[in-house]
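> Provided below are the primary sequence and the corresponding predicted coordinates.
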Amino acid sequence: MARKLIAGNWKMNLLRDEGTALARDLALRLARTVDPAFDLLICPPATIIAPIAAAVAGSGLLVGGQDCHSAPSGAHTGDIAARMLADLGCSHVIVGHSERRQDHGEIDLMVAEKARAAQAEGMVAIICIGETEAERNAGRAPQICSRQIAGSLPRGATAENTVIAYEPIWAIGTGRTPTAAEVADTHAHIRAMLAVHVPAEAAGIRILYGGSVKPSNAAELLSLANVDGALVGGASLKADDFWAIAQAI
Ligand code: PEP
């Protein structure tokens with residue numbers, strides 16, 4: 001199994017100077033760490049990826065995008081092609097985050113196309129899935145995850161080019177998380193679904209947990225079977241908190 005991946009989703013936060021300072025801080029900590037037990041990734045807003053990628057080059061800190069378009073170029077005002085992110089030095093792209101699904105009407109098929117576009121440019125697609133609170137209360141979390149995996153996983157997904165992020169929507173930014181047993185159950189279910197769709201790759205595809213991960217709960221969440229890392233929102237905006245989460249492995 002690959003090293004755990006600790007990924008920070010900065011969302012629509014931070015301007016160039018503050019983002020570059022945060023990235024430099026993390027890069028310095030990483031560079032001083034001998035044989036880290038984790039891969040560390042930050043996904044800044046697209047507007048500041050270029051200066052950040054330049055500032056942290058060679059440190060081992062990975063930089064990714066938060067979304068991409070499925071087309072390589074063309075008449076898509078305001079959108080960003082996967083190849084543009086790759087051109088800046090991005091290694092990963094988050095696709096299908098619940099905020100994109102909600103705010104921009106992204107459906108599974110679009111997510112699969114975005115993931116395929118990212119992979120075609122040599123990047124890793126971090127495909128986000130997860131149920132709403134109503135769906136969980138109705139006992140439908142497994143079915144929702146199954147449906148989203150079936151629809152969002154592109155053909156040709158491998159352990160090298162694909163990461164799944166399980167993010168229960170009701171846990172994002174709320175301070176609430178599922179119990180450890182619930183996370184373990186859902187991750188085992190996701191692994192089983194991957195085995196159905198990509199049997200030869202399923203064991204190696206990293207499955208991240210996301211939703212109110214913080215220093216105080218990271219050790220427990222990251223110790224669970226089939227939890228191969230974390231996708232971190234709010235706590236990734238503070239170097240001490242994000243670093244503490246990585247250190248909890
Ligand atoms: C996210 O939006 O991907 C996320 C996990 O946010 P938070 O950690 O703030 O819940």
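Yes, it's here.

> for this protein, what spans make up the strands?
Listed in chain order, the strands of the chain (DSSP state E) span residues 4-9, 38-43, 62-65, 92-95, 124-129, 162-166, 206-210, 229-232.

> mind putting these in JSON lines, mean neighbour count, distance to residue 84 and mean pLDDT included?
Heads up, the C-betas are built off the backbone N, CA and C, glycines and all. What follows is the strands of the chain, written out as JSON lines (neighbours: other CB atoms under 10 Å; distance: least, CB to CB, whole Å; pLDDT from 0 to 100):
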{"stretch": "strand 4-9", "mean neighbour count": "26", "distance to residue 84": "19", "mean pLDDT": "98"}
{"stretch": "strand 38-43", "mean neighbour count": "24", "distance to residue 84": "15", "mean pLDDT": "98"}
{"stretch": "strand 62-65", "mean neighbour count": "24", "distance to residue 84": "9", "mean pLDDT": "98"}
{"stretch": "strand 92-95", "mean neighbour count": "26", "distance to residue 84": "11", "mean pLDDT": "98"}
{"stretch": "strand 124-129", "mean neighbour count": "28", "distance to residue 84": "15", "mean pLDDT": "98"}
{"stretch": "strand 162-166", "mean neighbour count": "26", "distance to residue 84": "21", "mean pLDDT": "98"}
{"stretch": "strand 206-210", "mean neighbour count": "25", "distance to residue 84": "24", "mean pLDDT": "98"}
{"stretch": "strand 229-232", "mean neighbour count": "28", "distance to residue 84": "22", "mean pLDDT": "98"}
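
> Tabulate those strands (TSV), appending distance to residue 152.
Shown next, in TSV, are those (distance: least, CB to CB, whole Å):
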stretch	distance to residue 152
strand 4-9	17
strand 38-43	18
strand 62-65	17
strand 92-95	8
strand 124-129	5
strand 162-166	9
strand 206-210	14
strand 229-232	15
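
> Take those strands and write them to JSON lines, including distance to the ligand.
Converted to JSON lines, the strands of the chain look like this (distance: least, CB to the nearest ligand atom, whole Å):
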{"stretch": "strand 4-9", "distance to the ligand": "4"}
{"stretch": "strand 38-43", "distance to the ligand": "9"}
{"stretch": "strand 62-65", "distance to the ligand": "12"}
{"stretch": "strand 92-95", "distance to the ligand": "8"}
{"stretch": "strand 124-129", "distance to the ligand": "7"}
{"stretch": "strand 162-166", "distance to the ligand": "7"}
{"stretch": "strand 206-210", "distance to the ligand": "4"}
{"stretch": "strand 229-232", "distance to the ligand": "5"}
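
> so which of these comes closest to residue 242?
strand 4-9 (5.5 Å; CB to CB).

> In the sheet, which strands lie alongside that closest one, parallel or antiparallel?
Each strand pairing with strand 4-9, determined using DSSP bridges, is listed with its direction: strand 38-43 (parallel), strand 229-232 (parallel).

> To residue 139, which of the ones you listed lies closest?
Of all the strands paired with strand 4-9, strand 229-232 sits nearest to residue 139, with 24.4 Å by CB to CB.

> What count of nearby residues applies to the residue of the chain found nearest the ligand?
Of all residues in the chain, the one sitting closest to the ligand is residue 233 (2.1 Å; CB to the nearest ligand atom). Here the count is done by other CB atoms under 10 Å, and residue 233 has 21 residues near it.

> Provide a list of residues in contact with the closest residue to it other than its chain neighbours.
Once its chain neighbours are removed from consideration, residue 233 has its nearest residue in residue 9; the separation is 5.1 Å (CB to CB, 6 or more residues apart in numbering). Neighbour list for residue 9: 43, 66, 94, 97, 210, 231-233, 236 [criterion: CB atoms under 8 Å, 6 or more residues apart in numbering].
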